[in-house]
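Visitor: quick one, fold the following:
(chains A and B)
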There are 2 protein chains.
Amino acid sequence: MSEAERYEVRFEPDGVAIDVPGGANLPFAAVQAGLPMELPCGGMGQCGQCRVEVIRGIRPPTPDEERCLTANQLKSGVRLACRQKVTRDLTVTLGDQVRSRANQIMVGGESRAVQLDAGVERLVLPLGKAPLGDERDDWTRLEQLAGRPLRPSLAALRQLPTALAAETGEVTATLVDDRVVRLEAGAVARPPLGYAVDIGTTTVVLYLLDLTSGAELAHAAMLNPQVAYGDDVIARIHHAGVEAKGVETLHREIRVALDQLLRQACEQAGRSPSDVFRGTIVGNATMTHLFCGLNPRGLGIAPFAPVTHESVTAPASEFGLRAAAEATVTVLPNIAGFLGSDTVGVLLAVMAQPEQTCLAVDIGTNGEMVLYHNGQWWGCSAAAGPAFEGARIGCGMRGAAGAICRIDVVDEQLNLAVIDEVAPRGLCGSGLLDAIAVLLEAGVLDDTGRFDEADHDAGLGARLSGDGPRRRFRLASAAESATGDALYLTAGDIREVQLAKSSIRASIEALLARAGVGYDDVQKVYLAGGFGSFLRVPSAVRIGLLPPFPPDRIKAVGNAAGAGARLALISRAELQRAAELARQIDVLYLASDLVYQMQFMEQMVFPGG
Amino acid sequence: MSEAERYEVRFEPDGVAIDVPGGANLPFAAVQAGLPMELPCGGMGQCGQCRVEVIRGIRPPTPDEERCLTANQLKSGVRLACRQKVTRDLTVTLGDQVRSRANQIMVGGESRAVQLDAGVERLVLPLGKAPLGDERDDWTRLEQLAGRPLRPSLAALRQLPTALAAETGEVTATLVDDRVVRLEAGAVARPPLGYAVDIGTTTVVLYLLDLTSGAELAHAAMLNPQVAYGDDVIARIHHAGVEAKGVETLHREIRVALDQLLRQACEQAGRSPSDVFRGTIVGNATMTHLFCGLNPRGLGIAPFAPVTHESVTAPASEFGLRAAAEATVTVLPNIAGFLGSDTVGVLLAVMAQPEQTCLAVDIGTNGEMVLYHNGQWWGCSAAAGPAFEGARIGCGMRGAAGAICRIDVVDEQLNLAVIDEVAPRGLCGSGLLDAIAVLLEAGVLDDTGRFDEADHDAGLGARLSGDGPRRRFRLASAAESATGDALYLTAGDIREVQLAKSSIRASIEALLARAGVGYDDVQKVYLAGGFGSFLRVPSAVRIGLLPPFPPDRIKAVGNAAGAGARLALISRAELQRAAELARQIDVLYLASDLVYQMQFMEQMVFPGG
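Guide: Numbering: from 1, shown residues only, chains lettered A, B, ... in the order given. From the prediction side, this is the model:
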């Protein structure tokens, strides 16, 4: 099969068709067609969630499909999207359950009030004030109207003759960092706009702000289209490194996405991208490297060195952006290759000027955390795996419609809360935590992570089945679930959670040990990110993911990374503070940290009841 | 005829064909086909020089063609290129005499030695000097190798991982104004290059320089392709103002020309445009406005205000250049709307730090002049008309092959020197000056500019014929000329020269009067530009174009404007000096200058013998 050949992929019931190069995978084609799919396990053929019905071009099932799908499903043409390479024309039906729900991406975030100073200034200059014709040149005339020297951009010089000739009585100058970048005839009432972006490995969120008030006008979010090239940062770094033009491809995907989000947010707010003058970007170092078009190779191998720690500021066009191409865009500084500007954003939002010992924890595929104590800062990042994002968990899924997000036990009966109150089709991170917590409390699970081996006729134990490593706990029957298959929590799922939570917990312990700080000394614990916001703190403490901090000291702060990007957008002092924060953090390298290694073993066990 | 229609124009004997929009003129099509034509009168249908043979698509002659061409020529299909609008498919033969000779454009210029400091620095850093893996990021590693902090461009950050990974033992950083703009693996031996450009209304010259030595590697020159839109600055300003996208069109023409010249010069020198890091541009204000994409409207009407006087620096790409798009390009400052950066270039080359009273004069379609005396500077610009460039003179032409460039009288016989020693086909500026000088000396012309009315059988007077306003002097017979038609100097030609020379001379007188300086006080007179270099000083003084300065104080300095651009390219101190020079000149507005007005009348008369 030649890579140069192209095939048609048609998506039903939308009736959208698209040509893609031979060898592309089906989720890639879906992103290209504007129909991004949910890939809970990141397209690894593990979770069995990305089911599609193949109408044209069906092939015999792969081993992964035979493992994940029932015989009936296989017979009726159901396949896993992530296992379909486009080597022929395809027509598939996308069910609702595989469509990505970008609108459920966490966008709100804890923040604080700051002095507005975006460095974007508007001068409305009445032309009548200075007599015509007595200046040496047009620009000098403008400076005399403004009563101060002004530095022009070439674009502003190009606009000047028209702005002056319009004879509207006024001319409006827009300055960015004291340089005139736009001149318009008349008194422009539209406020200058800016955007703040949080580029996540999985999701991208853009906030559109009025720079004269700091108010959010709109936000827009979408799956990061780079998911088609790999689920996690390691896969992206790999793609960038091994594919011809890998960096260019991933760079293009994210800048096209940003253009799209900006246009979408502007449309939503009834504004034009041409009124956008500034942008700020946060993300993990791999995401910001790819946004800058920098090769992330160094981030994939020890010592995980980024190309630069410093913030990068350039015209949007230099980043390859086409919407608001003249805006000045700043990528915030990172702390280390594995502690990105998203963590700097979190600190800016909730820990910029701490007065007491506090800890910020952002749990995703990696867990990033920073501790402040007594004027000093320590930070680290732990590989947690994607269990809390629903991946590598048999019935795991992201926090979208149909996800079991809360579990309580009432009268020995499971009480499931499902997002959008539909029939359950899987278990998201917060539901997973609750499940394990209630099973530990009920004694169905012991502290080593083993299921009760005894037979039970009633109570929760009656939901157990299977033997040894195949033992599993039924969350919902086939009749109760939306998929027609029962939903189970397996011994393997428990093991994944043990690995993930012990890694996060051991990192926290390592930070506390380095600072010489006990649990009680920590006055505030900020949980950032979607998972941190939805989890139930008692469950997190019950399974040992978090130390037994007093619950009232723990606060979910939502998308604090995005909130930090917004602060840096509307205040140059905050942007400056971001650079200071990034520089002052002592980074722990967990691979060589003895406390971490010991704790990682110890924390595999769940706390006793 | 619809503007949207396109027609084919074929040029023989080259066999080059091109499609152009209906309504374009033939010289425009020729420029597009890469065959620019000479238009001595700027395409006004006046000079009759732009003759072509129309093979396909011939039309009856226009009144201009009937005036300029003989019946035999008309019958055999000869027409004037400037009178042909492309409203049908055309095939024409271009004779050698109408092809532009860019290689005869004046490129050499008087200059001086300066301290080399182009602001472009090369650092070759041996990678072995710092141990691998102990730096926080790649950029810090580079800084440690360099032993100093470095500021990166986004492009340099993009090149860094590859440059470090190549393991060539070295990495080469190129810095422009202390910012790293390029990183390459290995020790780069190729020196960084720069270019200096003089954008004339008629011709464009580009010099390619080695920035480590200041040496010229190559130069390239061409007709300014904007000539297709008008001969002089007024026509260009008009086109920019009245045509839809007029500014964009003229801007595009000149940037495409610069790209072409740079590639041509690089090829000639065996170098790549990617090694070019800096450029400097001089030209009259209309030319630099159009290069910047600035509307030159203000330059066409009193008070002739430019958009800005200041120098403009931006990446080449912002000017729309594609060759060496990342180079930093600076347009030098201008003095006034009618005293451009080309005049600043002249001053930089020959009068940057004068120690005695001196005068620089650049005679073209306009005459620009600057006087220095006793720490003060005065400058002005006079509209001279294009007579000295061969236009509006019956047999006038530019200084190309076949032009009579020197005339002496030996034994009452005319002795003509012709460029390239071929049969004469016209008279260029220096020949025109000589012609009038010898006719004044011989008494064939009196000091009011009237031809001798008497009949003569011998001597120069025998070459006179016609009566009253139709009286004329034969320079060459039909048999002697290359065109098959006799070459005459007419009473009308004399009148054009009187107008032109009295305007130049009156301007000089106005400057001297303003400074309170007599002829003898002027220690040096610099004649810049092609005409100033080729004219014979005694002839210029004889006809009163120049005051009777002692001849040994007058010095031709060639393309000093281009030489100044070169100095500003290789030395930031000179670029700084250019800004100071531009600011310190007192500009005389001749329209309201009494000395100029009186002198303009007085100088119409030729000096007595």
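Visitor: hmm, A:Ala29 is touching A:Val86, no?
Guide: Yes. With contact defined as Cβ atoms under 8 Å, A:Ala29 counts as touching A:Val86 (6.0 Å). To be clear about C-beta, it is placed using only N, CA and C from the backbone, and glycine gets the same treatment.
Visitor: need the residues of chain A near chain B, please.
Guide: For chain A, the residues in contact with chain B (Cβ under 8 Å from any Cβ of the partner chain) are A:133, A:135-141, A:152, A:154, A:157-158, A:160-162, A:165, A:292-295, A:297-298, A:302-303, A:305-310, A:312, A:314, A:318-319, A:336-337.
Visitor: what's the ChimeraX line that selects buried ones from those residues?
Guide: Listed next is the ChimeraX selection for buried residues among the residues of chain A next to chain B, using 16 or more other Cβ atoms under 10 Å in any protein chain shown:
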select /A:135,136,137,138,139,140,141,152,154,157,158,160,161,292,293,294,295,297,298,303,305,306,307,308,309,310,312,314,318,319,336,337
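Visitor: just to revisit the earlier point, what do A:Ala29 and A:Val86 both touch?
Guide: Applying Cβ atoms under 8 Å, 6 or more residues apart in numbering or on different chains, one finds that A:Ala29 and A:Val86 are jointly contacted by A:9, A:20.
Visitor: helices of the stretch 51-200 of chain A, start to end?
Guide: A:63-68, A:71-75, A:138-146, A:154-165 (DSSP state H, counting those that start in this stretch).
Visitor: hey, what's the angle from the third one to helix A:154-165? Just curious.
Guide: If I follow you right, that is helix A:138-146. Using axes from the mean of the first three to the mean of the last three Cα atoms, to 10 degrees, the direction of helix A:138-146 lies 70 degrees away from that of helix A:154-165.
Visitor: contacting residues around helix A:138-146?
Guide: Helix A:138-146 is touched from outside by A:123, A:125-127, A:129-130, A:135, A:149-150, A:152, A:157, A:160-161, A:164, A:171, A:173, A:180, A:183, B:298, B:305-310, with contacts defined as Cβ under 8 Å, 6+ apart.
Visitor: just the mean pLDDT for it, thanks.
Guide: The average pLDDT within helix A:138-146 is 90.
Visitor: ditto for the second one
Guide: For helix A:71-75, mean pLDDT rounds to 85.
Visitor: chain center to that helix: distance?
Guide: Its chain's C-alpha centre and that of helix A:71-75 lie 35 Å apart, by Cα atoms, centre = their mean, to the nearest Å.
Visitor: output the below-cut-off pLDDT ranges for the stretch 251-400 of chain A.
Guide: Within the stretch 251-400 of chain A, no range satisfies pLDDT under 70.
Visitor: please name the nearest non-neighbouring residue to A:Arg182.
Guide: In this structure, A:Arg182 finds its nearest non-sequential neighbour in A:Thr174, 4.1 Å apart by Cβ to Cβ, 6 or more residues apart in numbering or on different chains.
Visitor: more neighbours, A:Ala29 and A:Val86?
Guide: A:Ala29 (27 against 24; other Cβ atoms under 10 Å in any protein chain shown).
Visitor: what are the ranges of the strands in the stretch 351-500 of chain A?
Guide: Secondary structure of the stretch 351-500 of chain A by DSSP state E, counting those that start in this stretch: the strands cover A:358-363, A:366-373, A:376-383, A:403-410, A:413-418, A:426-427, A:464-465, A:472-476, A:487-490.
Visitor: which among these is found nearest to A:Leu94?
Guide: Closest of these to A:Leu94 is strand A:426-427, at 17.0 Å (criterion: Cβ to Cβ).
Visitor: isn't A:Ala462 up against A:Val444?
Guide: No. With contact defined as Cβ under 8 Å, A:Ala462 does not reach A:Val444; the gap is 10.0 Å.
Visitor: can I see the domain layout of chain A?
Guide: What automatic domain parsing lists as the domains of chain A is A:6-100, A:120-185, A:193-331, A:352-386+A:497-602, A:395-488.
Visitor: could those be laid out in a markdown table, adding distance to A:Ser111?
Guide: Formatted as a markdown table, the domains of chain A follow (distance: least, Cβ to Cβ, whole Å):
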| stretch | distance to A:Ser111 |
| --- | --- |
| domain A:6-100 | 27 |
| domain A:120-185 | 20 |
| domain A:193-331 | 10 |
| domain A:352-386+A:497-602 | 4 |
| domain A:395-488 | 22 |
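Visitor: export the worst-scoring helix or strand of chain A on mean pLDDT to CSV, keeping only CA atoms.
Guide: Ranked by mean pLDDT, DSSP states H and E, the helix or strand of chain A with the weakest confidence is helix A:26-32, at a mean of 76. Output of helix A:26-32 as CSV, limited to C-alpha atoms (Å, rounded to 0.1, in the frame of the first residue of the first chain):
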residue,chain,number,x,y,z
LEU,A,26,-9.7,6.1,11.6
PRO,A,27,-9.7,8.5,14.7
PHE,A,28,-7.3,10.8,12.7
ALA,A,29,-9.8,10.8,9.8
ALA,A,30,-12.6,11.6,12.3
VAL,A,31,-10.6,14.6,13.6
GLN,A,32,-10.0,15.8,10.1
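Visitor: who touches it?
Guide: A:9, A:11, A:18, A:20, A:36-37, A:39, A:43, A:50, A:52, A:81-82, A:84-86, A:90, A:92, A:94, A:223, A:225, A:227-229.
Visitor: quick one: low-confidence ranges for the stretch 1-150 of chain A?
Guide: Scanning the stretch 1-150 of chain A for pLDDT under 70 picks out A:1-4, A:31-32, A:34, A:36, A:38-44, A:96-109, A:129-135.
Visitor: of all the residues in it, which one is nearest chain B?
Guide: A:Trp139 (4.1 Å; Cβ to the nearest Cβ).
Visitor: among the contacts of helix A:138-146, name the ones in strands.
Guide: Members of the contacts of helix A:138-146 lying in strands (criterion: DSSP state E): A:123, A:125-126, A:152, A:171, A:173, A:180, A:183.
Visitor: tell me, how many neighbours does the closest residue to A:Ala478 other than its chain neighbours end up with?
Guide: Closest residue in space to A:Ala478, ignoring its immediate chain neighbours: A:Ala486 at 4.7 Å, by Cβ to Cβ, 6+ apart. Residues within reach of A:Ala486, counting by other Cβ under 10 Å, total 17.
Visitor: for A:Ala486, give me phi and psi.
Guide: phi -70, psi 150 (degrees, to the nearest 10).
Visitor: if I look at it, how far off is chain B?
Guide: Separation of A:Ala486 from chain B (Cβ to the nearest Cβ, to the nearest Å): 49 Å.
Visitor: if I pick A:Val537, what's in contact with it?
Guide: A:527, A:546, A:551, A:554.
Visitor: what's around A:Gln584, how many residues?
Guide: A:Gln584 - counted by other Cβ under 10 Å - has 13 other residues nearby.
Visitor: distance of it relative to A:Val78?
Guide: To A:Val78, A:Gln584 is 54 Å away according to Cβ to Cβ, to the nearest Å.
Visitor: do the same with A:Ala316
Guide: Distance, A:Ala316 to A:Val78, using Cβ to Cβ: 43 Å.
Visitor: out of these two, which sits in the busier spot?
Guide: Taking other Cβ under 10 Å, A:Ala316 and A:Val78 do not tie; A:Ala316 has more neighbours (25 against 20).
Visitor: what's the more buried one in contact with, if anything?
Guide: A:279, A:323-329 are the contacts of A:Ala316 under Cβ under 8 Å, 6+ apart.
Visitor: follow-up on the earlier one: make TSV from the helices of the stretch 51-200 of chain A and add distance to A:Ala240 to it.
Guide: Shown next, in TSV, are the helices of the stretch 51-200 of chain A (distance: least, Cβ to Cβ, whole Å):
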stretch	distance to A:Ala240
helix A:63-68	26
helix A:71-75	35
helix A:138-146	45
helix A:154-165	33
